[in-house]
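# whatever this is, show me its structure:
(one chain, ligands or ions: 1)
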Amino acid sequence: MVCQPFTYTFLLRPCFSLRQATKTRGLVPQFSRVRYPSTTVLPLHGRAVPHYPSSSLFALRQPVRTFAAMSSSTGIEELVKRVDGLSLDAISEKYPNCYPENNPFDVLRAHLSNILGGVTGVDTNIIYPNLQWTQGLDKGDIVLAAPSLRLKGKKPDELAKEWTDKFPENDPLFQKPVVSGYFLSFFVQPDPLIKSVIPMIRERGAEYGRNKFLGLRDPKDPSKGQKRIIVEFSSPNIAKPFHAGHLRSTIIGGFLANLYQGAGWDVIRINYLGDWGKQYGLLALAFEKYGDEEALKKDPINHLFHLYVRINTEMTAEKEELAKKKEAGEDIAELEANSLDEQARRYFKKMTDRDPAALDQWKRFRDLSIARYKETYARLNIRFDEYSGESQVSEEAMDKIGKEMEEKGIAKEDNGAMLVNFAELVPGKEGKRLEKPIVRKKDGTALYLTRDISELLGRYEKYKFDHMIYVVASAQDLHLKQLFKIIELLGHKDIAAKCQHINFGLVQGMSTRKGTVKFLDDILRDVADKMHETMKKNEDKYSQVENPEATADTLGISSVMVQDMSGKRINNYTFNMDVMTSFEGDTGPYLQYAHARVSSIRRKANLSDEELATADLTLLTETHAVNIVRLLAQWPDTVQNTLRTLEPTTVLSYLFKMTHALSSSYDHLKVVGSERELMKARMALYDAAHTVLGNGMRLLGLSPVERM
Ligand SMILES: NC(=[NH2+])NCCC[C@H](N)C(=O)O
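You can find the predicted model right below:
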């Protein structure tokens, strides 16, 4: 299997090499292309006094006010108002793709750029995208690599020192930078950060981390509506096992759909079932022979699978038999004409000819299977807007496209079949790499690729999407490349450009305890059982859990999902039930435990919302408390960065950083047993952490548990 190289040069990492430093273009996704004229900033003993021209462009840009009006922003105002002349509107006017109402780091970067503009003499819009994340809190909150500003003449180390000396002594938001080589590390002043971030999280709740403006068609004018994205994922094949590839597609696709939804896109989730082809003719035959109505209704997925396996075994035996006879010189023409293979072909022909009885039968299989899939997806917090599938692609549409491909010289006849010889159509190596796929068989039937071509264009007709993501294993890299290229060759370069294949590696060593058949339900049941056993080991705790089965189920699902999301998508990983269900290490159960623990502190503290809202946050002075807040402040930026990496691990690594900071803080920041005011302040902090952990877990598709 050919794996695609991983294309993201940096994820959460700051630029620690010069090459990276000069290559990376900042942390904010460049969704909107609006660029604003650079403005004059006069640093005045740490007070940046921005000058904003009132050009007609700004007169047009009303949304800033709309943004502020749409979100209650008292928390973030706490941060902004510390700096004279700084305001939310001023920040979003000056810096592109900046949403300070949603993101404390946008405020911090804007203010820091304003200061550094004066200190370095470099345009603030060049500085802003070069302000990077740090590798850890000990390295600061923001880092700047001096060479990234591309000033000629002086050595980067010297520049870094010079800038540090010039940096204002008493800046309200930043301490003096720390220099190491040519890196300047900036540490945020704790007080304004704590007083803004905790209230901000309280105000925004589940919205903290979301940014509805990113998905607007025109960020300047919300009335123009949202951008639309189709996420196609899961896409199992009826009557065949739901294998690891489908599981990964389901997990990653569900996450991506949530991610875009949180960014304000109009998200359409499509499940493109494998439900068409000769094998479904064979399945129908099997049902005629051995089908059992009761069994079908009770467990359609398993029943159909067993029929499918049985008839396939028979068919293979029959084929061998025929081959032997043929070798022995017997005339097998008649036998062949009545073979299972031939019967299946004829049955499928009836289906494509829309024979009502044949179609009815097949539709029943499909509907019953979908009903069952839906139950399983619900356990994973997933629902689809559309169950599409290979069967839903119309023969007429495919005929039409087939003719068009022929007319345009894209598909050519070859031995009765139609194929696309990419080597003749696309110059260079790419043409060769795309190979020579068939789009019509000799007998006139369409193929997987043919159906995908029609389906893609049909979806565009129907949804006019701005973007479409296919979450499919990297084993199908070639298939999707061929698909997108054909769309392009058909003259739809614009549509092809909107399509993206999100691929992923293999899962190794996955089999259920009872056998090797890997239906999603079986996998989840096995993991839940295992989780249940683990829970039972701690008798004390176990006796306190109200509904251990349900909790074990949720924990089991979290185990599978977290293991899947731990590495980069393209990496293969080994399905290891012992590792994933352990409470040690960065696992699903550990993440759930961290969340439940904060809930339990809140229950024990027994403080009202009112008490938390009015807590005196100046009492949070310990390094542990400050560090938790620094991490909490990163959450919206992490989500925004995830829109660029499209990697669940970007979110997951953040969440684990958060859980580690929490677990090391408990001894230092006791809630129960502390003096009342301190108790309130600390609980307000932990409550904010609870919100952010929950938001992150839900974004990944997990169901956070309050007790376990
Ligand atoms: N549009 C697509 N081809 N999506 C992927 C479908 C995956 C296919 N059902 C399989 O199991 O391999």
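# pretty sure Tyr387 is in a strand, no?
Yes: applying DSSP: H, G, I helix; E, B strand; the rest coil, one finds Tyr387 inside a strand.
# what residues does the stretch 151-300 of the chain put near the ligand?
Residues of the stretch 151-300 of the chain found near the ligand (CB under 6 Å from any ligand atom) are 232, 235, 237, 272, 274. Using the backbone N, CA and C atoms, a C-beta is placed for each residue, glycine as well.
# list the contacts of the spatially closest residue to the last one that is not a sequence neighbour.
Think Gly274. Distances taken as CB to CB, 6 or more residues apart in numbering put Asn237 closest to Gly274, at 3.1 Å, once the chain neighbours are dropped. Contacts of Asn237 were listed using CB atoms under 8 Å, 6 or more residues apart in numbering, and they are 273-275.
# now Asn237: how far from Glu413?
30 Å (CB to CB, to the nearest Å).
# inside strands: which ones of the contacts of Asn237?
Using DSSP state E, the subset of the contacts of Asn237 located in strands is Leu273.
# report pLDDT for the residue in the stretch 351-500 of the chain that the ligand sits nearest to.
Of all residues in the stretch 351-500 of the chain, the one sitting closest to the ligand is Val472 (4.4 Å; CB to the nearest ligand atom). pLDDT, Val472: 98.
# surely Ser185 is in a helix?
No: assessed with three-state DSSP, Ser185 is strand; it does not lie in a helix.
# which parts of the stretch 451-600 of the chain are strands?
Counting by DSSP state E, counting those that start in this stretch, one finds strands in the stretch 451-600 of the chain at the ranges 467-471, 499-502, 507-508, 573-574.
# deepest of these, which one?
strand 467-471 (a mean of 22; mean count of other CB atoms under 10 Å).
# so the residue nearest the centre of the chain, which of the three states?
For the chain, the residue lying nearest the average C-alpha position, counting by CA atoms, centre = their mean, turns out to be Leu256 (3.0 Å). With three-state DSSP as the basis, Leu256 sits in helix.
# and it, what does it touch?
Counting by CB under 8 Å, 6+ apart, Leu256 has contacts 231, 233, 469, 471, 502, 646.
# related to what we said a few turns ago, give me phi/psi at the residue of the stretch 351-500 of the chain closest to the ligand?
phi -140, psi 150 (degrees, to the nearest 10).
# what number of residues lie near Arg630?
The burial count assigned to Arg630 is 20, neighbours taken as other CB atoms under 10 Å.
# in which helix or strand does it reside?
Taking DSSP states H and E as the criterion, Arg630 maps to helix 623-645.
# over to Thr691?
helix 676-700.
# next, the angle from that helix to helix 623-645.
20 degrees (axes from the mean of the first three to the mean of the last three CA atoms, to 10 degrees).
# ok so, going back, between all of the contacts of Leu256, which two are separated the most?
In terms of CB to CB, these reach their longest pairwise distance at Phe233 and Leu646, which sit 12.5 Å apart.
# counting neighbours, go ahead and name the busier of these two.
The residue with more neighbours, out of Phe233 and Leu646, is Phe233; 27 against 18, by other CB under 10 Å.
# the closest residue to that one other than its chain neighbours sits in which helix or strand?
Leaving aside its chain neighbours, Phe233 sits nearest to Gly253 (2.2 Å; criterion: CB to CB, 6+ apart). Following DSSP H and E, one finds Gly253 within helix 244-262.
# give me the distance from that helix to the chain's centre.
Centroid separation for helix 244-262 versus its chain: 6 Å, with CA atoms, centre = their mean, to the nearest Å.
# low-confidence stretches in this protein?
Across the chain, the ranges flagged by pLDDT under 70 are 1-73, 511-518.
# beyond the top helix by length along it, next helix or strand please.
Identified as the longest helix of the chain according to DSSP state H is helix 300-327. Sequence order places helix 333-337 as the next helix or strand after helix 300-327, per DSSP H and E.
# next helix or strand past that next one?
helix 340-352.
# in terms of secondary structure, what does the following helix or strand past that following helix contact?
For helix 340-352, the succeeding helix or strand toward the C-terminus, using DSSP H and E, is helix 356-379. Secondary-structure packing of helix 356-379 (3 or more CB pairs under 8 Å, 6 or more residues apart in numbering; DSSP states H and E): strand 266-273, helix 278-290, helix 293-298, helix 300-327, helix 340-352, helix 520-537.
# buried residues, the third one. List them.
By neighbour count with 16 or more other CB atoms under 10 Å, helix 293-298 contains the buried residues Leu296.
# contacts for that helix?
For helix 293-298, using CB under 8 Å, 6+ apart, the contacting residues are 287, 303-304, 364-365, 368.
# make it 6 Å
Contact partners of helix 293-298, identified using CB atoms under 6 Å, 6 or more residues apart in numbering, comprise His303.
# the fifth one too?
By CB under 6 Å, 6+ apart, the surrounding residues in contact with helix 340-352 are 278, 281-282, 284-285, 315, 318, 358, 362.
# let's see 7 Å
277-278, 280-282, 284-285, 311, 314-315, 318, 336, 358-359, 362, 395 (CB atoms under 7 Å, 6 or more residues apart in numbering).
# in it, what counts as buried?
For helix 340-352, the neighbour count (16+ other CB under 10 Å) marks 340-341, 343-344, 347-352 as buried.
# which among these are in contact with the ligand?
The overlap between those and the neighbourhood of the ligand (criterion: CB under 6 Å from any ligand atom) is empty.
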